[in-house]
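coords please:
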Amino acid sequence: MKLFKGKKGLASGILVIMIVMFLSAFMSLISLVMADQFLDTINNVSNETIAQETKDLITENTGFMFWGDKLFVMLFMVLLVAYIISSMTLEINQPLFFILFCFVLVLTTILAMWLSNAWTYVLQDPMLASAATNLKFTDYFMRYLPIITFIIGICGAVIFYARGKTEFTTGSGGATGGIE
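Have a look, this model is predicted:
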């Protein structure tokens, strides 16, 4: 269909944010479990096999594995800023896209509910639940993923559809006619 050819923007952006954040949270959780298991194995080996100084050095060098929550917050902020920038710079063509966006936002929120339930189900495992205690923001974000996704989508739609028609040209620099 010619109507949808080359259209990018809010609907795909909110879907990408949600899926990337879920994958990032899950990978952070798995890396914490692996780090805990690795450190437990190393620390349970006798000092005759592995010197205590080496164990301490290994523990010190694996400290970055516990940055998962900080990296999750940074990734979320980068994706959120990119989403807001794209909602300000994309062209507004037809009001029909608002209706389509609302439909996609509802489907995305339903998918977010499924991912949030999957997160809660995964955390029923005691080993994963203990690792998730180091991911406070990530756990909170994943438990409320449908609400966060819906709010981000609505905010992007308000920015996108509330502004006046903006035309960005690809000419030789600086022509941004129509920005009030």
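
Give the next helix or strand downstream of the longest helix belonging to the chain.
Counting by DSSP state H, the longest helix found in the chain is helix 10-44. Once the chain leaves helix 10-44, the next helix or strand it forms, by DSSP states H and E, is helix 52-61.

quick one, that following helix and helix 10-44 angle?
Helix 52-61 and helix 10-44 are oriented at 170 degrees to each other (axes from the mean of the first three to the mean of the last three CA atoms, to 10 degrees).

Flag every buried residue along the longest helix of the chain.
10-11, 13-15, 17-18, 21-22, 24-26, 28-29, 31-33, 35-36 (16 or more other CB atoms under 10 Å). In this view, the C-beta of every residue, glycine as well, is placed from N, C-alpha and C.

Summarise which helices and strands that helix is packed against.
For helix 10-44, the contact count by 3 or more CB pairs under 8 Å, 6 or more residues apart in numbering; DSSP states H and E identifies helix 52-61, helix 68-89, helix 96-122, helix 126-132, helix 136-143, helix 145-162 as packing neighbours.

how about JSON lines for those helices, with distance to Asn44 added?
Putting these into JSON lines (distance: least, CB to CB, whole Å) gives the following:
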{"stretch": "helix 52-61", "distance to Asn44": "10"}
{"stretch": "helix 68-89", "distance to Asn44": "24"}
{"stretch": "helix 96-122", "distance to Asn44": "26"}
{"stretch": "helix 126-132", "distance to Asn44": "16"}
{"stretch": "helix 136-143", "distance to Asn44": "28"}
{"stretch": "helix 145-162", "distance to Asn44": "37"}
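
any chance of the ones you listed in a markdown table, with mean neighbour count, mean pLDDT and distance to Asn43 too?
Listed next are the helices and strands packed on helix 10-44 as a markdown table, based on neighbours: other CB atoms under 10 Å; pLDDT from 0 to 100; distance: least, CB to CB, whole Å:
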| stretch | mean neighbour count | mean pLDDT | distance to Asn43 |
| --- | --- | --- | --- |
| helix 52-61 | 12 | 82 | 6 |
| helix 68-89 | 16 | 82 | 21 |
| helix 96-122 | 16 | 87 | 26 |
| helix 126-132 | 15 | 86 | 16 |
| helix 136-143 | 18 | 89 | 25 |
| helix 145-162 | 18 | 85 | 35 |
